[in-house]
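Undergrad: mind looking at a prediction? Sequence and model below.
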Amino acid sequence: TGENIMSRYTTESIRNIALVGQSGAGKTTLTEAILLRAGAISEPGSVARGTTVCDFDPLEKEYQHSLTSSVVSTDHAGIHVNLIDTPGLPDFIGQALSCFPAVETVAVVINAQAGIEPVARRMLDWSAQRKLCRMIIINQIDQPGVDLPGLVNDLREQFGPECLPINLPAGNGSEVVDCFFQPDGTADFSSVEDAHTQIVDQVVEVDEDLMTVYLEQGSALSPEQLHDPFEQALREGHLVPICFVSGETGAGVPELLHVLEKLMPNPLEGNPRPFLKGEGDDAKPFFATPDPSSHVVAHVFKITADPFVGKLSVFRIHQGTVMKDSALFVGNGRKPFKVGHLLKLQGKQQTEIERGMPGDICAVAKVEDIHFDAVLHDSHEEDHLHLAPLDFPVPVFGLAIAAKNRGEEQRLSQALQRIAEEDPCLAIEHNTALNETVLRGLGDLHLRFAIERMQQRFNVDAATHPPRIAYRETISRPAEGHFRHKKQTGGAGQFG
């Protein structure tokens, strides 16, 4: 039940992870492997068969690509892991970026065969700008012809010496050996002992007292001694751990879960979110503390519109405790809404819970006033509170769109608004001069999927064409002209 789910974990045991990276890196398959290992599912789903937990949308099953972000969670070894599987196609990058405020850690998944691809590079840069803890997961390590030592060297050359393996592949990619807690195994490349020494050297650099101890007693520092400086190194971007896995075979997944459990930050350990209170130049930083007894502060990072289920708003609780039947305000709204059903998400499955604690990711349904990027709170003291805006790509690719059938203009307008609510990189413009509605996105693929989804969900047929240009005439340079006016219609006439 929902109450049993909540009673199993605390804020300290929560790990919020966003899996990001290029399409084809294996994020959805890796999510299945993690859920399987943690016991959340009995057998792994397949992207090809359309049976994964995360890719439940009919279009995702048809095209075998993630098109929206999906939230799943699982309990393992005393921790509660909230995973957000995100799209990797460049046209859908806004869906991945919008999840950044909800997590402490951004895990960039890289295909071992393809190497460092553009989306992975952008995600590492963007997450560093937002001061989020980062880790790199090299997937598909069991594929033939992969150059894992070369890939690690490329990562260190492009993103700095702070990128260090925390485990290493062994048995030709059939297993993974730990390099941090028990550095005594044998790896396919490099040396487990050398990798351990590099990690420890990097971590102690952020703590002068520990560095003194380290220099005096050598490499015999315990993982407990290294925990706090390890978290500090993650927060400061001084360390980006590299893990090796195979989502297909499950190799490295137990080790990855162990790293998440022991080393990745919980909501108390991550960098504070860039909340601002006030408007414009008068806005001041606001620090949300993950205290269950404080006023509620939650941030909406995902909206799903469905004609049958209604609007589903997914939010991360940054402060306070959200209870079933809580009264919450949306932004600067004066009238609160009642949390009738508080939900935990597992892909498309929803489980009702009694309360949501600081650090957790929950959802509410059928509250029309909630919008993307809204701040939910239970006191007017938190009015005018908002997050520093994310730097989303600007939607510049446009298609003019109109209803195919007469009389459906209003339905089309409502459907477009619903679809645009879900994606921060979709925009709707109306050109009054041409009486033309233009849908803008990040590319042809982006708009094609948006229109197809709109037609499937809301049963509205639309016709599209390239946007027309409203040409204007203007004076471009000085000129002279002469004209003689003559008019004779009776009477004196006109001449001049």
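TA: On my side now, so go ahead.
Undergrad: tell me which residues of stretch 156-164 come out buried.
TA: Buried positions in stretch 156-164, judged by neighbour count with 16 or more other CB atoms under 10 Å: Arg156, Phe159, Glu162, Cys163, Leu164. Quick note: C-beta positions are derived from backbone N, CA and C, even for glycine.
Undergrad: in JSON lines: these, plus pLDDT.
TA: Converted to JSON lines, the buried residues of stretch 156-164 look like this (pLDDT from 0 to 100):
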{"residue": "Arg156", "pLDDT": "95"}
{"residue": "Phe159", "pLDDT": "95"}
{"residue": "Glu162", "pLDDT": "95"}
{"residue": "Cys163", "pLDDT": "96"}
{"residue": "Leu164", "pLDDT": "96"}
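Undergrad: can you put these in a markdown table and add distance to Val108 and secondary structure?
TA: Shown next, in a markdown table, are these (distance: CB to CB, whole Å; DSSP: H, G, I helix; E, B strand; the rest coil):
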| residue | distance to Val108 | secondary structure |
| --- | --- | --- |
| Arg156 | 14 | helix |
| Phe159 | 10 | helix |
| Glu162 | 13 | coil |
| Cys163 | 10 | strand |
| Leu164 | 14 | strand |
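Undergrad: what is the nearest of those to Arg453?
TA: Phe159 (34.8 Å; CB to CB).
Undergrad: which residues are in contact with stretch 459-478?
TA: Contact partners of stretch 459-478, identified using CB atoms under 8 Å, 6 or more residues apart in numbering, comprise 398-405, 408, 411-412, 415, 431, 433-434, 436, 438, 447, 451, 454-455.
Undergrad: over to stretch 126-136?
TA: 20, 97, 100, 103-108, 110, 124, 155, 163, 234-235, 237, 240-243, 259, 264-265, 270-271, 274, 390-391.
Undergrad: ends of stretch 195-212, what's the gap?
TA: 21 Å (CA to CA, to the nearest Å).
Undergrad: now that stretch: how far from the chain's centre is it?
TA: Averaging C-alpha positions (CA atoms, centre = their mean, to the nearest Å) puts stretch 195-212 31 Å from its chain's average.
Undergrad: other SSEs contacting the strand or helix carrying Arg440?
TA: Assignment of secondary structure by DSSP states H and E places Arg440 within strand 436-441. Applying 3 or more CB pairs under 8 Å, 6 or more residues apart in numbering; DSSP states H and E, one finds that strand 436-441 contacts strand 397-403, helix 409-422, strand 427-431, helix 444-458.
Undergrad: which one of the ones you listed lies closest to Thr51?
TA: helix 444-458 (19.7 Å).
Undergrad: next, the angle strand 436-441 makes with that closest one.
TA: Using axes from the mean of the first three to the mean of the last three CA atoms, to 10 degrees, the direction of helix 444-458 lies 110 degrees away from that of strand 436-441.
Undergrad: that older thread, how about CSV for the helices and strands packed on strand 436-441, with distance to Gln140 and mean pLDDT added?
TA: Shown next, in CSV, are the helices and strands packed on strand 436-441 (distance: least, CB to CB, whole Å; pLDDT from 0 to 100):
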stretch, distance to Gln140, mean pLDDT
strand 397-403, 31, 93
helix 409-422, 30, 92
strand 427-431, 36, 92
helix 444-458, 24, 91
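Undergrad: mean neighbour count for these - can I get that in TSV?
TA: Shown next, in TSV, are the helices and strands packed on strand 436-441 (neighbours: other CB atoms under 10 Å):
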stretch	mean neighbour count
strand 397-403	17
helix 409-422	17
strand 427-431	13
helix 444-458	19
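Undergrad: for Ile116, find the nearest of these.
TA: helix 444-458 (22.3 Å).
Undergrad: just the CA coordinates for the closest one, please, in CSV.
TA: The C-alpha coordinates for helix 444-458 follow below in CSV (Å, rounded to 0.1, in the frame of the first residue of the first chain):
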residue,chain,number,x,y,z
ASP,A,444,10.8,18.7,-37.7
LEU,A,445,10.8,15.5,-35.7
HIS,A,446,9.8,17.4,-32.5
LEU,A,447,6.8,19.0,-34.3
ARG,A,448,5.8,15.8,-36.1
PHE,A,449,5.6,13.8,-32.8
ALA,A,450,3.8,16.7,-31.1
ILE,A,451,1.1,16.8,-33.8
GLU,A,452,0.8,13.0,-34.0
ARG,A,453,0.4,12.8,-30.2
MET,A,454,-2.2,15.6,-30.3
GLN,A,455,-4.2,13.7,-32.9
GLN,A,456,-4.0,10.4,-31.0
ARG,A,457,-5.0,11.8,-27.6
PHE,A,458,-7.5,14.4,-28.6
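Undergrad: any idea how far it is from the middle of the chain?
TA: 21 Å.
Undergrad: all numbers from here: first residue = 44
TA: Shifting the count to begin at 44 puts that one at helix 487-501.
Undergrad: could you point out the helix or strand that follows it?
TA: strand 505-508.
Undergrad: name the strands paired with the next helix or strand after that next one and say parallel or antiparallel.
TA: Using DSSP H and E, the helix or strand that follows strand 505-508 in sequence is strand 529-530. Using DSSP bridges, strand 529-530 pairs in its sheet with strand 537-538 (antiparallel).
Undergrad: give me the neighbour count for Ala341.
TA: Look at Ala341: counted by other CB atoms under 10 Å, it has 26 neighbours.
Undergrad: confirm it sits in a strand?
TA: Yes: counting by DSSP: H, G, I helix; E, B strand; the rest coil, Ala341 is located in a strand.
Undergrad: isn't it up against Asp416?
TA: No: contact criterion CB atoms under 8 Å: Ala341 and Asp416 do not qualify, at 11.9 Å.
Undergrad: re the thing from before, list the neighbouring strands of the strand holding Arg483 plus their orientation.
TA: Applying DSSP bridges, one finds strand 479-484 paired with strand 440-446 (antiparallel), strand 470-474 (antiparallel).
Undergrad: helices along the stretch 294-443 of the chain, start to end?
TA: With helices called from DSSP state H, counting those that start in this stretch, the stretch 294-443 of the chain shows them at 296-305.
Undergrad: what is the mean pLDDT for stretch 162-175?
TA: Mean pLDDT, stretch 162-175: 95.
Undergrad: ok, back up a step: nearest approach to Ser337 belongs to which of the strands paired with strand 479-484?
TA: From those, taking CB to CB, the stretch that ends up closest is strand 470-474, at 35.9 Å.
Undergrad: please state the offset of the closest one from the chain centre?
TA: Worked out by CA atoms, centre = their mean, strand 470-474 lies 26 Å from the chain centre.
Undergrad: what's the answer for stretch 189-199, then?
TA: Per CA atoms, centre = their mean, the centroid offset for stretch 189-199 relative to its chain is 26 Å.
Undergrad: coming back round to it: which of the buried residues of stretch 199-207 sits closest to Ile346?
TA: Phe202 (32.4 Å).
Undergrad: shaky segments in the protein?
TA: By pLDDT under 70, the low-scoring segments of the chain are 44-50, 261-262, 533-534, 538-539.
Undergrad: list the residues that contact Asp231.
TA: Contacts of Asp231 (CB under 8 Å, 6+ apart): Leu191, Leu211, Pro212, Ala213, Gly214, Asn215, Gly216.
Undergrad: if we use 10 Å, what do you get?
TA: 184, 191-192, 211-220, 287 (CB atoms under 10 Å, 6 or more residues apart in numbering).
Undergrad: which residue packs closest to Val352, ignoring adjacent ones?
TA: Excluding the flanking residues, the one nearest Val352 by CB to CB, 6 or more residues apart in numbering is Ala408, at 6.5 Å.
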